[in-house]
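Engineer: sequence unknown, structure follows:
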């Protein structure tokens, strides 16, 4: 499953993705899906298996624009974006 970190700031999205990669987490930026109904247009995607590390890295930064983690999955062939409970 893919986890999306959603921010209201493009700068924070890009910075967070870079920090994740610096700590060995495969991450990419992509347009925030409209289904999330939030954000700046960019979010950071990474595999759920890296969530614990990604959450710890988020806590070390000053990301005041962070809005939450969401899971991205396809259910019945349709894209589903829902809050990721952590």
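Structural biologist: Structure received. These numbers come from a predicted model, not from an experiment.

Engineer: Output the contacting helices and strands for the helix-or-strand element of the chain with minimal mean pLDDT.
Structural biologist: Counting by mean pLDDT, DSSP states H and E, the weakest-scoring helix or strand in the chain turns out to be strand 78-83, with a mean of 90. Using 3 or more CB pairs under 8 Å, 6 or more residues apart in numbering; DSSP states H and E as the contact test, the elements touching strand 78-83 are strand 66-75. All C-beta spots, glycine's among them, are computed from the backbone N, C-alpha and C.

Engineer: The strand it packs on: partners in the sheet, and parallel or antiparallel?
Structural biologist: Pairing partners of strand 66-75, with direction, according to DSSP bridges: strand 2-7 (antiparallel), strand 78-83 (antiparallel).

Engineer: C-terminal to the first one, what's the next element?
Structural biologist: Using DSSP states H and E, the next helix or strand after strand 2-7 towards the C-terminus is helix 10-22.

Engineer: Based on its surroundings, how many neighbours for residue 43?
Structural biologist: 27 (other CB atoms under 10 Å).

Engineer: residue contacts, it?
Structural biologist: Neighbouring residues of residue 43 by CB atoms under 8 Å, 6 or more residues apart in numbering: 4, 5, 6, 7, 13, 29, 30, 31, 32, 33, 36, 70.

Engineer: most surrounded residue in these?
Structural biologist: Counting by other CB under 10 Å, top hit in the contacts of residue 43: residue 5 with 28 neighbours.

Engineer: who's that residue bridged to?
Structural biologist: Assigned bridge partners for residue 5, using DSSP bridges, are residue 44, residue 69.

Engineer: Distance of it relative to residue 78?
Structural biologist: 22 Å (CB to CB, to the nearest Å).

Engineer: re the thing from before, just tell me which of the strands paired with strand 66-75 ends up closest to residue 58.
Structural biologist: strand 2-7 (6.9 Å; CB to CB).

Engineer: residues in contact with that closest one?
Structural biologist: 13, 16, 32-33, 36, 38-40, 42-48, 50-51, 54, 58, 63, 65-73, 81, 84.

Engineer: I'd like to know which of the residues you listed are buried.
Structural biologist: 13, 16, 32-33, 36, 38-40, 42-46, 50-51, 54, 58, 63, 65-67, 69-72, 81, 84 (16 or more other CB atoms under 10 Å).
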